[in-house]
Structures are given as C-alpha cells and as structure tokens.
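Engineer: fold the following, please.
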Amino acid sequence: MSQQGYVATPPYSQAQPGMGGYPAGFGSAPTSPPTAMGHPPMGPHSSQMAHPQSPLAGPTMAGPQSMGGPPPMGGMGRPFPGPPPPGAGGFQQPGPGAAGPPGHPQQLQGTDSTVTWSSTVAITKLYGFVGPFSMSQIKPIPGIKVCFQSRDRINLGPCIWELTVELKLIDCTAKCVLANRIAPGTGYQSLTLWNCLCVTGQFGGQMAGPGMAGPGMAGPGMAGPFQGGAAQMAGPPQKKLDPDSIPSTTQVIEDDQAKRGGQVYTTNLRGQVPPLVTTDYTVQDQGNASPRFMRCTTYSFPCTADLAKQCQVPLATIIKPFATVPKNETPMYVVNHGETGPIRCNRCKAYMCPYMQFTDGGRRYQCGFCNCVNEVPAFYFQHLDHMGKRVDFYERPELSLGSYEFAATLDYCKNNKPASPPAYIFMIDVSYANIKSGLVRLVCDELKTLLDNLPREDGAESSMVKVGFVTYNKILHFYNVKSALAQPQMMVVSDTAEMFVPLLDGFLVNFQESRAVINNLLDQIPDMFADTNESETVFAPVIQAGVEALKAAECSGKLFIFHSSIPTAEAPGKLKNRDDKKLINTEKEKTLFQPQKAVYEQLSKDCVSQGCSVDLFLFPSQYVDIATMGDVATHTGGSVFKYSNFQVERDGQHFLSDLRKDVEKAIGFDAIMRVRTSTGFRATDFFGAIHMNNTTDVEMAAVDCDKAVTVEFKHDDTLSEETGALMQCALLYTTISGQRRLRIHNLSLNCSAQLSELYKSCETDALINFFAKSAYRAMLNQPLKTVKEILVNQAAHMLACYRKNCASPSAASQLILPDAMKVFPVYLNSLLKTGPLVGSAELSTDDRAHQRLSTTAMGVEDTQLLLYPRLIPLHNMDVASDVVPTPVRCSEERLTDAGMFLLENGCSLFLWLGQACPPEMIQSIFNVPSLAHVSIDLRSLPELDNPQSQKLRSIVDSLLDQRPSSMKLMIVKQKDRSEIMFRQHLVEDKGLHGGASYMDFLCYVHREIRQVLT
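Structural biologist: This next block holds a predicted model:
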C-alpha cells in the first residue's frame, strides 16, 4: 500500500559549492544541473508544478503528464505544502483545456494568508518563488483588479518574494474569497499562487471549503508548516519564509506527550514503537524489556539483507542495562535457582525467557533463539494449561517479564571464588596548579561528607564499598588509614617506572570504621603540600597503582582521579603537546583525536581485566591531550569531566555536583555483556565506553545507570515475518555488595518484507544516537569531510528509498519524508555542526575530543537533548502551575527582546535575558532594579521569596536532577559578548563555526535525494 509521509517543497536558491557553510567538496552543486532542476521554460506549456498532496487538498492541478503520476492517496504521515526548489517548476499559463484530464478538475490552492475581508475586497499576502515574468503575461481578468505593490516588471529569478494582491469582486455571484481561494463557477481567470508559484489560469472545479488548509496549518501569515527561508538567499529585497512550515522537533515532542504522556506503556506486543524519550510515561513489563533499557532504530526489521541494503536504515539497538527505573515502576526481580544456576539452552546458551516454547506436557522447551529442543530439569518442571502455558507462568519473572536478574553461581566468578565488594580509590594531583587554585582543599573538604553517601544495596544500613587515598605529583604517596591508627601514615613510591603498592593492610578500608583517621588525613593533605613548587605530574603510573591495589585486594573498583596538566614528568605515559591548528581541515586532522597508544592501550586492558574503572576529573589551563588521557576512562566504563581554567568561586559548585552524582550513582563492576539473537541476524558492531577482546563479548570494568552500548545488527539469513526478530542482552556483573549477578533484557521485534513497515516503526532519536557514535568513531580513521559526506549520503539514500518505494507518486520537486523520520534532518544537521565534526581553528582540540569521548557512552535521551537543546520561555510562565513551560524551537527567531529563556542540552545551562526584559521581572528573579545591574558572573539564582523566583528555581532544580551530569548555570545578556556561547546551541540557525541552517540543510538534503533518485 502506498503511503505519504511528510510532504514539502522546500525553498532554496541554486546551491553553490560551500552553501550554508559546507566546504566546496561537501556535496557541491553539479556544474550543469539536471533538467529537472534547471529553470523551466517560460511558455504557456511549462509543467513540473510543485504542489502539496494533502488528503484534504482535493484534486490536484496538473495532470499525471506533468506530475509523474496520479494524485496520491493520503496515508501514513502528514503532507505539508511548501515552496519548491529552484527550477522545480515555473508558473503555468494553461489555456481553458489545461486543467488536466477529466476527473482531475483544477483546484485553486495557494497559501493560507492573512485576509482583510469585506463584502467586495480581499487583500492577501502571498509568499513564494516568483519566476521571471511581467504584467503583460497576465491576461485581462474581467471583474478582478490585481495590484502589485512593486514595480510592474518582476524579473527576479528563483528567490523569495512577497506580493500583496488585491482582489476586487465586482460580480456578486462570486461570494466566497477564502484565504486566497476563489469560488469556482465564475469563469474568471485569476492570478494566484499555487504552492508559492505564480500561475495564471482558467479555473473550474470544486469549491475550496474551510477545511482546505489541511492539518497543521499555521494560522495567520501563511500555510503551515512550510514557512521558513534561507537567510542568505541571493537577489533583491527578500522576505524570509516562516520556519513554522518545516517539521518542528518541539511540535513532534509536544504531540507525542499529548498522545502518550501520562499513560501506561505495556510491553506485551512484539515490535510496538514506544513513546519518545522526551515523553513522560509509565512502563508495565509484560514480556519485553522496557524502552528505558532498550531502544531500537526501527521496531520492524526488513526480512532480507537485500531490503536492508536497499533502504540503508541502520538496524541497531541502544542498550542501557542499568537505566534508572522510576519509583512507580516495578524494580528488577532477582531469580535464584540455587547451586543449579540459571537455566540455559544447551546449544546457543540463551537464558530462560518468555520466548521459550514449552512442549510435551511441560517436559521440554524449544529455544526461541536457535530452535533447539531442550529437556526441562526435574526441579523446574511444571504442568501446562489448556493454552500450552505453564501454570506457574505469572509466578516466574523469567517466563513473564522482559527484564530480570539471576543470582550467579561460582561458575560465573573469577577463579571460581566469590566476588568481593568493590573499592573506590581517590587519587589527588597535589601539584602547584591544584594547590594554588584551591582544588585540593575543596576535594578534601567534600570527601568528609560525601563518603557517607557511597552507593549501597537497597535496604542496607551502610555501604560495603571500601575506600583508599593516594596523592601524587612526580611521585606517588599512599596512605595507611587503618582504624587502629591514631594518625594516618604516608608511604612514598618515587620509582614510577615499576609501579607497586607499598602497603596492603590499611590502604583499602571501611569508611565507617576508619572515619576519624580518614578525616584527619583529609584535614592534613592541603597543608602538607601548601608550599609545593612541583608543577610536573605523572599520569599512567597513577592508574597503574590503582590497578595494582585492586589486584592485591582481589576486588574490582573505581579510581577517581583529580588531575590538572599534561603529564610531562619522566615516567611511562609521558605526553608531549601535539596540538597543531595547521592540521585542521587536512587529511591529518584525524591524528589529533587518535590516542597515543603504547602504554595507555595496555593500561586499558589491565584495567578491564581487573574490573578497574577510571573516572577522570580534569582541571586544565591549557592543552592536556584529552584524546589520550581520556582514552583509558572511555574503555573502562568511566567518564571524563572537564573544568577549564578552574576557579573555586566560579566552578566549585559545578564540580562538586558532578562529583556527588558520580560517587552516588547506581553501578555494577567487572561486567561482561553478550547480545544473542534469533536465527537470521546477529550483532556485528558495538559502540560505547567498552573494551572488546573478541567479536562477541563486550567487556566493561564498570557500567553505571547513565552508560549505554549501541549495538548494530546485520543479516546472515532471511528473517521470518511469523517469528520476528528476537534479541537477548545478558550482562554478568558484580553488585555494589559483592554479589555476582546476571541481568537479562529481552526484546522482540517484527520483521516485514514491506519497507513501509520499517519506515513506519523507525525511531529518529535512536537513529541519531547510532549516527553520532558511528561518525565519532569513523573520524579517527577518515578525514572529517569524508565522514560528513558519508553521513549525508546515507541519510539521502534512506529518504530516497522511502520516496521511491513507500510514498505515492508525486513531483520530483517535493520533499517527502517518512512521518517517523520527519525531524531526522534537523538532528543530522545539528550533528554535523557539533564540535568534533566542525573543522574550525577557533575550537579547542581538547573540547572537541572531550565531546567525542562523552558522546560515545550516551543513551538515546542524552544524544537527543545534546543535538536538540530545550529552549524554555520563562517570561510568560504560569507561576501557579507545576509544569515546566513548553519549549520553543531552537532558533534565534524565537527569542524576543522582552523575553527570558532557559536553554539546556544536558551539558550546559544558559539563562538568556532580552535587552528589553521588564525591570519587575529582573527584580523578582535577581533582586536588582534593571538588566544592567545583573552580574553575568552569577553561578546560581538568588533565593528570593516570590512566586517567579521560586518557580524558576524549581524548574532549574528539576532539570539538574534529571541529567546525568551537573550543568553550570550561565547568565547571558542579549547582544553581550557572552551570547556567542549561547548562540552556538541554537541548532536551527547557521553554525557559528560553519554549517548550514536547518532550512538550508533541508534543501541540501532534498537536492541529494533527487540526485539519488535520478
């Protein structure tokens, strides 16, 4: 069945090489455009007319000859009218017989316009591309006076223009003028705009009724949703098209929240598409994993490899094994089969799950993954009911739920010995920079209270995590903090080439037992090194020391390293400054992001084999080679935090918030994950903060509630529509209390031989997560230009395949997008403008490397927010409501001089103040009389006792609470220098460091799609 998705005909000038900020090679325009894209002939027979194809729009104007097929039927998605690309058509001047074949009467349909209405006059503004023509080309129109508010001869070429047309109705039989549509049957010729093209023509046909506008029209001003224009079009005075006309991310989010928000999402159906990550919903597990744990790029896989290759939609799942479950949802059940351990298929080793089919009265089961028939162990036997279901089905989580845990036996432990609780080692760089900035004292003071909040099992009185302390510069200092001691003892290791731990007993201790000694030590450290002049540091030996300490204690754990500068001291892992701006936009730019291997590569392997995760807190004042220093953290399930030019007063709270979240978060250690699939496809590639020793086992020294692994699948046979595609993620890990467990997540997807089914069940947010991670990996081995070309090329192929195989026939000048992917271009354009992919000497190499590493382990909700930040208007917020105001589109056009906006993307938080912001609002939020008195150095909002202040602070607190890391609040005034930082997050506008606006990019993608199709 054919179906129609988003339909639009976007405006653009003939794109030149380098259009919209792209380098000339980035899909530059063909030297001689194909005929379909050239200027149309100007005679009366011109065709190729662009027009909307709304199910509500009635018959179309041009016949199949000029349209490439009959008018489409409405189907999936929503068609939107919009202006065409250059040369996609001209204007038509059909004679009386040009209305198309019988059954296709002409339908006058222009834009929805602002109409000043009286009984005889309608004045309306029409927007669009006007080809070269003059008044002489318009035949006399009896009874209708046409006035142009411009010169008589208009010869603009394809560009954006505004016409004011006055229509005087002299003949009283023509009673209906409706938004630029004139009632039929009058016999008049008329000048109107069809989809923003100038036409003169004879019309007869059906009357255009009030419903003609179609869904989603934007009200006064213009047909929505294709309003928006390229900012830098060529030509004389231009009027921007209203951007409301192109698909809006905020609208998609709002619609999903309205449709599915507050509802219970039950997981009992195979292949159902979950609510968006931005929607507030409750999950009821009924046999498939919650979308909080697993999300897919599409929930309907193509049956064959050929179909997958044809559509080029990546088949991937983003797995967040430890995702936080809201309090109103059922926590994870733990199944304990005693010494027998979990029940598994004999052939493929899949774990017992809802996809196992019991037969032979309950004595056997057939594996859903490999179809092997297995005997049911005697202790596990249970009779089947009349439906063939076990009578204990609902009593056993592993039979009725998509996610659950098994208690693991000694067979699943290292060396067949029970695991020990993990340890946290705090390693503080006490070189001159960190002492001088006050960082060392800040960390030591915080740890005294923070260690009371170490993670613990639900219901446990205290944490079983042990703690240890190391300070270092060129040499390392270990501390004995055994509870029996009156004073802590320091032991120094100066030979960093052969790292060892000088003490075993007393280094890793229980905080509650050794509290007095530890507090004593934390008081002494800042004073002990107060007079240091040592500015050189080591780094690799510090990590090595942590690994050796955990090895000696026979436990897994995490290192918290607080470090300030590039390690230049003579020791293994010494680094030199290799930052070279001359490499940017060259073939060698990729080397800036490749880690310096040797020592660090081996270090990553050592960490993973010991279950030692590294979290790195960096406080650089200059280049520190994050690409290398952060590499160990990203291969061990750790995180990298960066605070450039750190100052305690300015950045202290931001850093401490990050540290608290990091220490307190739910986490598992020494983890190994395997993804099993049913026959016909398999997992082939993995992206995340992981280490791979072979092609199937994903190893993570630790995995916390914010880390996600993106898994790509490929076909190795044909999939069956009947059985679907099944996947099982099994994660073996050590809990915070030292128990070995298996966490299982199961998901079943549909399979279809119809590409339309695949496109209908796509998830844009998951797709962009996959594209971001694959692009950030590819940039290590390929020039950025190539990476970006591949991204756009694949997107164009995906959308061209939809256009060719799923959408109804229509003019080549129309951009047609699948409904489920209609905002994909805005995310892709935003990705292309991110720091890592923008070759600009203005951006710091470390910042780019940091964003690249951080994104690698992000889940779907994090990449969604990063690539499309929330812009929240505050000036008209309802102080009585608990709801956060609805975000607006991420563009400068949404800002108002008298407004106040909050922008957040999960990493940064800006409060933007318009230059005409009302003084009373400024007073209620900042307690100062006017905008000029507001300090941009404020790092938190004053706590004032008034509704506006309380509401704004509660919004900020709720945003900070939802995000994995803390966000530093930055106050930004309109037209201030600080505004540049803010503006780079307005992702629908042109990029500050290169990159197109959303409107330009949509046109660019449209051109690429047409090239694929031709």
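Engineer: quick one, phi psi at L913?
Structural biologist: The phi and psi values for L913, taken as degrees, to the nearest 10, are phi -120, psi 120.
Engineer: now it: closest residue in space that isn't a chain neighbour?
Structural biologist: Counting by Cβ to Cβ, 6 or more residues apart in numbering, the nearest residue to L913 once its immediate chain neighbours are dropped is K973, at 5.2 Å. Any C-beta I mention is one placed from the backbone N, CA and C, and that applies to glycine too.
Engineer: how many neighbours does the one you found have?
Structural biologist: Burial measure for K973: 19 neighbouring residues, criterion other Cβ atoms under 10 Å.
Engineer: with L276 instead?
Structural biologist: Neighbours of L276 using other Cβ under 10 Å come to 23.
Engineer: and what of the one 3 residues further on?
Structural biologist: With neighbours defined by other Cβ under 10 Å, the count for T279 comes to 19.
Engineer: and the longest helix for this protein?
Structural biologist: helix 784-805 (DSSP state H).
Engineer: so how far is it from its chain's centroid?
Structural biologist: Remark: helix 784-805 is offset 18 Å from the chain centroid, using Cα atoms, centre = their mean, to the nearest Å.
Engineer: what do you get for stretch 998-1011?
Structural biologist: Using Cα atoms, centre = their mean, we find the averaged C-alpha position of stretch 998-1011 to lie 21 Å away from the chain's own average C-alpha position.
Engineer: ditto for stretch 527-545
Structural biologist: Mean C-alpha position of stretch 527-545 versus that of the full chain (Cα atoms, centre = their mean) differs by 38 Å.
Engineer: could you point out the longest strand of the chain?
Structural biologist: Secondary structure assigned by DSSP state E gives strand 740-752 as the longest strand of the chain.
Engineer: ok so, going back, residue contacts, the residue nearest to L913?
Structural biologist: When contacts are counted by Cβ atoms under 8 Å, 6 or more residues apart in numbering, K973 touches W912, L913, Q915, L931, V934, I936, E979.
Engineer: mind listing what the first one touches?
Structural biologist: If I follow you right, that is W912. The contact partners of W912, taken as Cβ under 8 Å, 6+ apart, are L895, G899, M900, F901, L902, L903, V972, K973, Q974, E979, F982.
Engineer: the third one now?
Structural biologist: Contacts for Q915 (Cβ under 8 Å, 6+ apart) come out as D897, L931, K973, Q974, K975.
Engineer: where do the helices sit along the stretch 251-400 of the chain?
Structural biologist: Applying DSSP state H, counting those that start in this stretch to the stretch 251-400 of the chain gives helices spanning 305-311, 397-400.
Engineer: what residues does the first one touch?
Structural biologist: Contacts of helix 305-311 with the rest of the structure, by Cβ under 8 Å, 6+ apart, involve 301-302, 315, 714-716, 753, 755, 758-759, 797-798, 801-802, 805.
Engineer: ok, the residues you listed vs V826, which is closest?
Structural biologist: Here the nearest of these to V826, counting by Cβ to Cβ, is M798; it sits at 15.0 Å.
Engineer: just to check, the closest one is in contact with T298?
Structural biologist: No: when contacts are counted by Cβ atoms under 8 Å, M798 is not listed as touching T298 (10.7 Å).
Engineer: ok, the two, which is more surrounded?
Structural biologist: Neighbours per residue (other Cβ under 10 Å) separate M798 from T298, with T298 holding more: 27 against 23.
Engineer: so how far is G859 from the more buried one?
Structural biologist: Relative to G859, T298 is positioned 18 Å away (criterion: Cβ to Cβ, to the nearest Å).
Engineer: sorry, back to before: would you turn the helices of the stretch 251-400 of the chain into CSV with distance to L865?
Structural biologist: Compiled in CSV, the helices of the stretch 251-400 of the chain are given as follows (distance: least, Cβ to Cβ, whole Å):
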stretch, distance to L865
helix 305-311, 27
helix 397-400, 32
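Engineer: for L903, list each beta-bridge partner.
Structural biologist: L871, F910 (DSSP bridges).
Engineer: residues contacting it?
Structural biologist: L903 neighbours (Cβ under 8 Å, 6+ apart): P869, R870, L871, I872, C890, L909, F910, W912, F982, H985.
Engineer: before we move on, back to that, which of the contacts of Q915 lies closest to V614?
Structural biologist: Of all the contacts of Q915, the one with the least separation from V614 (Cβ to Cβ) is K973, at 39.4 Å.
Engineer: circling back to that earlier point, what comes up buried for the longest helix of the chain?
Structural biologist: In terms of neighbour count (16 or more other Cβ atoms under 10 Å), helix 784-805 has its buried residues at 784-789, 791-792, 794-803.
Engineer: contacts made by that helix with the rest, please.
Structural biologist: Outside of helix 784-805, the residues within contact range by Cβ under 8 Å, 6+ apart are 5, 22-23, 25-27, 310-313, 585, 589-590, 755-756, 759, 771, 775, 778-779, 782, 816-818, 821, 824-825, 828, 831-832, 837, 839, 1004-1005, 1008-1009, 1011-1013.
Engineer: closest one of the contacts of L903 to Y365?
Structural biologist: Relative to Y365, the closest of those is R870; by Cβ to Cβ it sits at 47.5 Å.
Engineer: what about the nearest residue to the closest one once chain neighbours are set aside, distance to V648?
Structural biologist: Spatial nearest neighbour of R870, chain neighbours left out: P887 (4.4 Å); criterion: Cβ to Cβ, 6+ apart. For P887, the distance to V648 equals 33 Å [Cβ to Cβ].
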